[in-house]
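[1] Predicted model and sequence below, questions to follow.
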Protein chains: 2
Amino acid sequence: MSDDRTVLRDEPHDGVRWLNADEQATWRALLLCYQLLDEALDRQLQHDAGMPHSHYAIIAALSEAPGSAMRMSELAAMLRFSPSRMTHAVASLERKGWAARARCPEDGRGQFAALTAHGRMVLERAAPGHIAEVRRRIFDRLTSTQQRQLRGICDTILDGLDPSSHASPHRPTRISDTSA
Amino acid sequence: MSDDRTVLRDEPHDGVRWLNADEQATWRALLLCYQLLDEALDRQLQHDAGMPHSHYAIIAALSEAPGSAMRMSELAAMLRFSPSRMTHAVASLERKGWAARARCPEDGRGQFAALTAHGRMVLERAAPGHIAEVRRRIFDRLTSTQQRQLRGICDTILDGLDPSSHASPHRPTRISDTSA
DNA sequence: TGAATCTGATTGAACTCTCAACTATCCTAG
DNA sequence: CTAGGATAGTTGAGAGTTCAATCAGATTCA
């Protein structure tokens, strides 16, 4: 209890190679970056628009869908949410009157989530502030070289995390896709 | 309601410049990367060690502190947690017997959080799996060039987020610092 | 000294997310 | 046509986080 040396040493253990000093520093910076970025974005949205980032992602996705509506499962797949998470989130949006659900005619099990007029208005009001924050925190700070590097790094890491993310190479993207 | 065009256009609005296609793609990749990485790490720790990533960060930090103990506020500042979050988290660790709290003699308001022997054991068991996951998801995939690039990008972004993060340039880092 | 203020930490409510059931519908093979 | 299994989505409990309010011990200064 009064030992000031860590119990974890930088030698292999259980067949695991530990991180070296450089890797540690990078990992620490990455984690901190994630954490602070996430908090900054969430705080901005929560404060200025009364919604968490995940809800913004949902209404932004809906706003770009044909008829402003999508099947729950489509939505979940697109945003990589669990079905349960999506149900809870859309239920919450519904309570606020920003979204509505409707049974799917072709499949009795299915549900559509649709953006309401009110929801669309809320999104329109929330988007500028959100995008400004993204810009301010990230794109205004990075050189175009760094931006390209970042893209490559993310794609590389995603390859190992998300088999289905060789995604969207040429899909005509839309602006509110600053979401997720 | 049956309008398939997005309400958000890629023209300036409210003085905010929207993201262009490249920026959007990068931003999307970054978000997805964050999300999946975070889930992967959290799931691994939760599944194999019964704790969320944030709790791992706490016990790892404690394990490296002199006497395996730190003031609540120190701990919170180091990990960039709110006081409230830290209180709740340490309370949870205490319930599991992994940490203990003790009043600070010099300052009646203060509290120390200390790692228990049990907590140290739990950390020792959890660390290899966690580090392996970090390695597998990130460092095994990136070239050393990419690693350097990533470090630079994170530092750049952190400059705008966290004034106090020009941090740890030469502090003798320790292994369990794969935390946070 | 003693009021006003500041600081370290805690509390409880509200909310989101996860996980493990569970319901309802659809599909398929016998 | 019906039993078994797959699919779409929901439910509720448990946990972590945030926020605002609060408490108690320090500090300041008149």
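    Looks like it arrived, so ask away. Everything numeric here is computed off the predicted structure, so don't read it as measured data.
[2] Phi and psi next, for the closest residue to DNA strand C within chain A.
    Using C-beta to the nearest atom of the strand, the single residue of chain A nearest to DNA strand C is residue A:108, 2.5 Å away. C-betas here are computed from N, CA, C, even on glycine. Main-chain dihedrals, residue A:108, degrees, to the nearest 10: phi -60, psi -20.
[3] next one: the one 4 residues further on
    Backbone geometry at residue A:112, expressed as degrees, to the nearest 10, gives phi -100, psi 140.
[4] That one bridge partners, please.
    With DSSP bridges as the criterion, residue A:112 is bridged to residue A:71, residue A:102.
[5] Need the pLDDT of the residue of chain A closest to DNA strand C.
    pLDDT for residue A:108: 95.
[6] and the gap between it and residue A:94?
    Going from residue A:108 to residue A:94 by C-beta to C-beta, to the nearest Å gives 20 Å.
[7] Which one's more surrounded, these two?
    For residue A:108 versus residue A:94, the count of surrounding residues by other C-beta atoms under 10 Å in any protein chain shown is larger for residue A:94: 15 against 7.
[8] Is it correct that residue A:100 falls within a strand?
    Yes: judged by DSSP: H, G, I helix; E, B strand; the rest coil, residue A:100 forms part of a strand.
[9] can you count the residues close to it?
    Residue crowding around residue A:100 was assessed by other C-beta under 10 Å; the count is 17.
[10] before we move on, what about the one 10 residues further on?
    Other residues near residue A:110 number 14, with proximity taken as other C-beta under 10 Å.
[11] Dihedrals phi and psi, it?
    Dihedral angles (degrees, to the nearest 10) for residue A:110: phi -80, psi 160.
[12] measure it to residue A:142 for me?
    41 Å.
[13] swap in residue A:71?
    With C-beta to C-beta as the criterion, residue A:71 and residue A:142 are 36 Å apart.
[14] Of the two, give the one with the bigger neighbour count.
    For residue A:71 versus residue A:142, neighbours defined as other C-beta under 10 Å are more numerous around residue A:142 (18 against 15).
[15] ok, residue A:127 to residue A:120 distance?
    According to C-beta to C-beta, residue A:127 and residue A:120 sit 11 Å apart.
[16] The two: which is more packed in?
    residue A:127 (25 against 20).
[17] which parts of the helix of greatest length in chain A are buried?
    Counting by DSSP state H, the longest helix found in chain A is helix A:21-49. By 16 or more other C-beta atoms under 10 Å in any protein chain shown, the buried positions in helix A:21-49 come out as A:23-37, A:40-41, A:44-45, A:49.
[18] what's the answer for stretch A:82-93, then?
    A:86, A:87, A:89, A:90, A:92, A:93.
[19] isn't there a helix covering the fifth one?
    When you say that, I think you mean residue A:92. Yes: counting by three-state DSSP, residue A:92 falls inside a helix.
[20] Not counting residues beside it along the chain, what's closest to it?
    Distance criterion C-beta to C-beta, 6 or more residues apart in numbering or on different chains; nearest residue to residue A:92, sequence neighbours excluded, is residue A:55 at 7.0 Å.
[21] residues in contact with the one you found?
    Counting by C-beta atoms under 8 Å, 6 or more residues apart in numbering or on different chains, residue A:55 touches A:89, A:92, A:93.
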